[in-house]
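Colleague: Got a sequence here, can you model it:
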Amino acid sequence: MEKKKKTRKKKTLQTSDKIMLFVFVLLIVIVISLAIVAISKKTQAEKVEYKDLVIPILDKKAKEQIQIDISNMKEKEEKEYVFEVTNYKNKQINQNKLTYHISLSASADVSLTLQEEDKKENLLKDNQATYVFEAKKKEKKTYHLKIKARKEIPENSFVSLKIES
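Modeller: Numbers count the residues shown, from 1 in each chain. Model prediction:
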């Protein structure tokens, strides 16, 4: 008996098939990349609580106090609050050089970090920071307040943000 040799033919992809395969793989890579970016943006957006909080300081003896509810934060959970301090409101600008103070206090065991926009250093010293606005010149400073729970936070817990000149 004779053994028949099986011949295998190699299938070669035609140019149009290669192009379609390349486009298909490229689309899969793009979809995966977009999904990763969307998920990271969503988690980043969930961390930031206040985005449009603007506090104008126009004259000496100005005071603003904001209570930030941190009730029921879990251990090691972080929240970030973004706020702006300006020396103007509408067309009214401060007429004198102003020094303003930011102070923070917490009713629970949290670590507080205050950073200026695009800077990494913690501006707080003993939970206070001091800044100056020049006279007759529009200025705006954006701050990021990061609150991290050291342990589980009970109900009715707050961080008090006080800004005064």
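
Colleague: Tell me how far the worst-scoring helix or strand of the chain on mean pLDDT lies from the chain's centre.
Modeller: Among the helices and strands of the chain, strand 53-56 carries the lowest confidence by mean pLDDT, DSSP states H and E, at a mean of 76. Relative to its parent chain, strand 53-56 has a centroid offset of 17 Å by Cα atoms, centre = their mean, to the nearest Å.

Colleague: What of stretch 134-149?
Modeller: On Cα atoms, centre = their mean, the centre of stretch 134-149 falls 14 Å from the chain's centre.

Colleague: and what of stretch 95-104?
Modeller: 24 Å.

Colleague: Next, the buried residues of it.
Modeller: 98, 100, 102, 103, 104 (16 or more other Cβ atoms under 10 Å). The way it works is simple: take the backbone N, C-alpha and C, and place the C-beta from them, glycine included.

Colleague: any idea which of those is the one closest to residue 162?
Modeller: Nearest to residue 162 out of these is residue 103 (Cβ to Cβ; 4.8 Å).

Colleague: what's near enough to touch the closest one?
Modeller: By Cβ atoms under 8 Å, 6 or more residues apart in numbering, residue 103 lies in contact with 127, 128, 129, 161, 162, 164.

Colleague: While we're on the nearest residue to the fourth one once chain neighbours are set aside, how confident is the model there?
Modeller: Spatially, and ignoring its direct neighbours in sequence, residue 161 is nearest to residue 66 (4.5 Å; Cβ to Cβ, 6 or more residues apart in numbering). As predicted, residue 66 sits at a pLDDT of 85.
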